[in-house]
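Peer 1: sequence and predicted structure are below.
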Amino acid sequence: MSFISDILKKKNTSALGIDIGSSSIKVVQLKKKGNKAILETYGELSLGPYGGVSVGQSTNLNVEKIIQAVNDLLNEKEVAITTRTCGLAIPFRASLLSVIQMPNVGQKELASMIPIEARKYIPVPISDVTIDWSVIPRSEVVEEVSEENKDKDKDKVKNIDILLVAIHNNIINQYKEVVSKTELDAKFFEIEVFSSIRAILEGVQGPIMILDMGASTTKLYTVDRGLVQNSHIINKGSQDITLNIARVLNISVEEAEVIKRSVGMGKTVDGIDLSETVLVVSDSIFAEANSFLFDFQKKRNKNVKSIFLTGGGSALKGFRDLAAQNFKVEVISADPFEKVETPAFLEEILKVTGPEFTVSVGVALRCLSEL
């Protein structure tokens with residue numbers, strides 16, 4: 001009888017990517033059809049009202065409120081989510097990424113050496129974090145040796161680059177509680193930058209930078225050969241633009257958020273030019289990003305070829321052109337739905353909203369590949 005049941009049981013072909021940010025939760029549900037990933041549904045829920053602040057503003061919700069919000073989104077009829085099989089992205093702020101050098105020894109020896117070496121790079125007790133690591137391929141380097149030893153090849157010490165990842169245990173435990181109390185079938189947790197890389201950088205060659213503008217922070221990553229090389233957080237984001245608009249126009253934050261999304265760097269219906277209001281925030285972000293970029297290029301002796309804009313803040317009208325003027329390199333608005341089959345009538349909408357769903361698409365793609 002169990003054999004017959006197994007035959008009749010439909011295999012799950014849908015996967016959900018969940019991105020819990022500071023201002024909203026984004027979900028994307030994909031379906032596998034042959035070798036294609038097909039968009040089934042997507043949605044977003046603002047977290048501001050759960051924290052007693054306006055839509056678009058960042059929050060610091062306790063786990064009970066997050067569970068409530070996730071349940072509300074999962075059960076939202078208009079979003080129509082049909083699977084609980086998922087992956088979840090962990091915020092970059094809850095993690096630490098470092099590229100470290102280790103001797104070129106076997107995996108067993110590395111496994112015992114890395115937790116000890118990690119103490120030099122992790123500013124909290126090792127017992128407070130979960131660490132993971134992977135060898136960065138094709139980046140074997142040879143240490144410099146003194147003049148007298150140049151002819152002694154045997155004495156050259158070969159090192160390998162290791163990507164070290166650490167996540168706070170309390171964050172992992174919170175996510176496990178969310179999964180348990182929302183009856184999700186979570187296959188994995190992963191740091192959001194890896195989701196972004198999967199969604200938008202497959203096949204992209206050469207060093208690039210990702211500028212991920214969220215509500216409260218803007219995250220910067222330099223990526224080479226698909227691997228994170230450097231990272232940085234700027235404590236400014238799209239909500240700073242909203243608050244600026246509210247102050248300049250003397251309106252509520254809710255009204256300012258609506259105007260920001262509809263007007264961007266243009267003029268309001270009253271003819272007020274908002275470009276200067278936006279520039280107060282964007283200039284500060286670009287200045288810090290340029291400094292980060294310069295440091296990377298100087299240390300690595302490599303030029304970044306292009307910059308990918310992700311996150312809801314980067315969808316602001318006129319922001320891409322402004323970024324291109326500031327960075328003097330190719331600037332691309334990320335299109336995570338490019339590798340996903342989508343309904344024709346949604347194509348234009350997804351091009352605009354795409355950057356906001358980069359992480360959730362990346363998570364869903366991984367989950368789909370593991371079904």
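Peer 2: Received it, and whenever you're ready, just let me know what you need.
Peer 1: just the buried residues of the lengthiest helix in the chain, please?
Peer 2: When the chain is parsed with DSSP state H, its longest helix is helix 275-300. Applying a neighbour-count criterion of 16 or more other CB atoms under 10 Å, one finds 277, 278, 281, 282, 285, 286, 288, 289, 292, 293, 296 buried in helix 275-300. Yep, even glycine has a C-beta here, placed from its N, CA and C like the rest.
Peer 1: ok, and the closest non-adjacent residue to the fourth one?
Peer 2: Just to be clear, that refers to residue 282. residue 322 (6.0 Å; CB to CB, 6 or more residues apart in numbering).
Peer 1: ok, which pair from the buried residues of helix 275-300 is furthest apart?
Peer 2: 277 and 296 (30.3 Å; CB to CB).
Peer 1: wait, which of the buried residues of helix 275-300 is closest to residue 231?
Peer 2: Using CB to CB, the buried residues of helix 275-300 come closest to residue 231 at residue 292, 9.0 Å.
Peer 1: my read: the closest one touches residue 221, true?
Peer 2: No - with contacts defined as CB atoms under 8 Å, residue 292 does not count as touching residue 221, sitting 9.6 Å away.
Peer 1: need the residues touching each of those two.
Peer 2: residue 230 (CB atoms under 8 Å, 6 or more residues apart in numbering).
Peer 1: need the next SSE after the longest helix of the chain, C-terminal direction.
Peer 2: strand 306-310 (DSSP states H and E).
Peer 1: do a quick rundown of the helices in the protein.
Peer 2: With DSSP H as the criterion, the chain has helices spanning 2-8, 63-74, 107-118, 169-181, 192-200, 238-249, 253-263, 275-300, 319-327, 347-353, 358-369.
Peer 1: which of those helices sits most buried?
Peer 2: Highest mean neighbour count of the helices of the chain: helix 358-369, a mean of 27 (counted as mean count of other CB atoms under 10 Å).
Peer 1: name the helices or strands packed onto that one?
Peer 2: Packing partners of helix 358-369 (3 or more CB pairs under 8 Å, 6 or more residues apart in numbering; DSSP states H and E): strand 14-20, strand 24-33, strand 36-46, strand 85-90, strand 185-191, helix 192-200.
Peer 1: now that helix: average pLDDT?
Peer 2: Mean pLDDT, computed over helix 358-369, is 98.
Peer 1: equivalent analysis for stretch 31-44, please.
Peer 2: 95.
Peer 1: residues of it that come out buried?
Peer 2: Buried-residue list, stretch 31-44, by 16+ other CB under 10 Å: 31, 32, 37, 38, 39, 40, 41, 42, 43, 44.
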